[in-house]
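Novice: take this sequence and fold it.
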Amino acid sequence: MIEQPGKKKMLLFSGSSNEELASNVASNLGTEVSTVESKEFASGEIYIRLNESVRGADCFVLQSHSGDINKTIMEQLVLVDALKRASAKRITAVLPFYPYSRQDKKALPREPITARLIADMYIAAGVDRLVSIDLHTQQIQGFVDQPFDHLTAMPLFVDYFKEKFDGPISVISPDAGGVGRATTFAKHLEAYVGFVHKKRDPKIHNEVKSFTVIGEVEDRHVIILDDIIDTGGTIAAASRIIKEKGVKSVNVVATHGIFSDGSVEQLKDAPIDKIIVTDTLIQNGNSKEIGKVEVLSVSTIIANALTSIFTDDSVSALFMGENVL
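Specialist: Below is the predicted model:
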C-alpha cells in the first residue's frame, strides 16, 4: 500500500478587472496571487496559460464584472477551463458582483433570464463552487446546482455608521423588495425602517416614474440602503423626496457602485451627504467626479470566507447567519 500525507494547497487567481482587490485578498490570506500568462489576440480572443502546477490544488478565481462585462466573464471562464484541464482538485469562482444579476426573472414576454444563463456557463466551464457578495436577489442561488456561498458587506456598513450620528436614524430601502435587508441593517443601529414606493414602466430600463416615501423620516438621519448604484437615477430622486421631508442628513449605502455614464449628472447635485460603496467593483472616473463617494474594502470579508471554504468550516457563521436574509 502506498500512502501520501494529505496536504491541501490553496491557490488564488485573478482576472484583470480588479487586480487591486485580488491583491488585498491575497494579503489578508498571507499569500500572493498566482500568476498567469494572459494576452488578447488581434481578433479579440483571450489566451491564458497557468504559470505553475495546480494539480490537486484548491483554486479560487476572483473576477469583478464591470466595464466591458462580457469580456470579464469570458476571461474568468477561460481561466476556469485552464484550471480544470490542469487537474485542479476544486475550482471556486469568486464573483464579488454577480454579472447580469438584475435579469433574474421575466418581466415581459419573450425575455431571457440571463442570470440563470451566467450560472449555467460557470458550471459548464467546470466550477465546483460560486461565491458572491450581496446578490440582487437571493433566488439567484437557486439557479446553481453546485454550492453557492453568499457573503454580505453589511458588517462594513454597520461599523462605519456605528456611533456616527447623534439623534434618531431611519434606514430606507429604495424599493419594497429591499425591506428585509434594510431591517437587518437597522437592527444593528437601533434605527427605524421604511421604504420608497416607486412606479416603473417595465419597458423602460433605468427610469422611475414616481416616488412615495413610506415611513418616518422627519427630523432624522436617513440612510438609503441599496445593493447597486448604476445610473443613480433612483437614488437621486429618492434623496430629493426624502430631503423635502425635513431630515437631518441623507447618506447612501450600496455594496456595488457601478456608476455608469449619466451617474455624475444624476448624483453630483443630489442632496446626499455621502455615498458609501465597496471595492467589489473597481471605481471609474465617474465616482471621483461625483465627489462624495467613499469606498470600503471587502477584501477581509472575502479572505475570511475563502479560508472557511478551504478549511471546510462554516461560511454563514462568519455573518451570524445574516448572509442568508
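Novice: please pull out the lowest mean pLDDT helix or strand from this protein.
Specialist: The weakest-scoring helix or strand in the chain, judged by mean pLDDT, DSSP states H and E, is strand 208-214 (a mean of 71).
Novice: for the next helix or strand after that strand, what is the average pLDDT?
Specialist: Counting by DSSP states H and E, the element after strand 208-214 in chain order, helix or strand, is strand 221-229. Averaged across strand 221-229, pLDDT comes to 96.
Novice: report the strands that pair with strand 221-229, each with its relative direction.
Specialist: strand 169-173 (parallel), strand 249-257 (parallel) (DSSP bridges).
Novice: elements contacting the helix or strand that comes right after the longest one?
Specialist: What that stands for is strand 249-257. Remark: after strand 249-257, the chain's next helix or strand is helix 263-267, criterion DSSP H and E. Helix 263-267 sits against helix 233-243, helix 285-290, with contacts defined as 3 or more Cβ pairs under 8 Å, 6 or more residues apart in numbering; DSSP states H and E. All C-beta spots, glycine's among them, are computed from the backbone N, C-alpha and C.
Novice: now these in a markdown table, with distance to Glu75?
Specialist: Listed next are those as a markdown table, based on distance: least, Cβ to Cβ, whole Å:
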| stretch | distance to Glu75 |
| --- | --- |
| helix 233-243 | 30 |
| helix 285-290 | 22 |
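Novice: of those helices, which is nearest Arg90?
Specialist: Closest to Arg90 of the helices and strands packed on helix 263-267, according to Cβ to Cβ: helix 285-290, at 35.2 Å.
Novice: list the buried residues in the helix or strand just after that closest one.
Specialist: Downstream of helix 285-290, the next assigned helix or strand under DSSP H and E is strand 293-296. Under the neighbour-count criterion of 16 or more other Cβ atoms under 10 Å, strand 293-296 has 293, 295-296 buried.
Novice: now do stretch 53-65: distance from first to last residue.
Specialist: Using Cα to Cα, to the nearest Å, one end of stretch 53-65 lies 27 Å from the other.
Novice: and that stretch, which residues are buried?
Specialist: For stretch 53-65, burial by neighbour count (16+ other Cβ under 10 Å) applies to 54, 57-65.
Novice: please apply the same query to stretch 131-148.
Specialist: Within stretch 131-148, the residues that count as buried by 16+ other Cβ under 10 Å are 131-137, 140-141, 143-144, 148.
Novice: alpha carbons of it, as PDB, please.
Specialist: Extracted C-alpha coordinates of stretch 131-148, given in PDB (Å, rounded to 0.1, in the frame of the first residue of the first chain):
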ATOM      1  CA  VAL A 131     -19.000  32.900  -4.100                       C
ATOM      2  CA  SER A 132     -20.700  36.300  -4.400                       C
ATOM      3  CA  ILE A 133     -21.500  39.300  -2.300                       C
ATOM      4  CA  ASP A 134     -24.900  40.900  -1.700                       C
ATOM      5  CA  LEU A 135     -26.800  39.400  -4.600                       C
ATOM      6  CA  HIS A 136     -29.500  41.500  -6.200                       C
ATOM      7  CA  THR A 137     -32.000  38.700  -5.300                       C
ATOM      8  CA  GLN A 138     -31.500  35.600  -3.200                       C
ATOM      9  CA  GLN A 139     -33.200  33.400  -5.800                       C
ATOM     10  CA  ILE A 140     -30.000  33.500  -8.000                       C
ATOM     11  CA  GLN A 141     -28.600  30.900  -5.600                       C
ATOM     12  CA  GLY A 142     -31.300  28.600  -6.800                       C
ATOM     13  CA  PHE A 143     -30.000  28.800 -10.400                       C
ATOM     14  CA  VAL A 144     -26.900  26.900  -9.400                       C
ATOM     15  CA  ASP A 145     -26.800  23.100  -8.700                       C
ATOM     16  CA  GLN A 146     -23.400  23.500  -7.000                       C
ATOM     17  CA  PRO A 147     -22.700  25.100  -3.600                       C
ATOM     18  CA  PHE A 148     -23.100  28.900  -3.700                       C
END
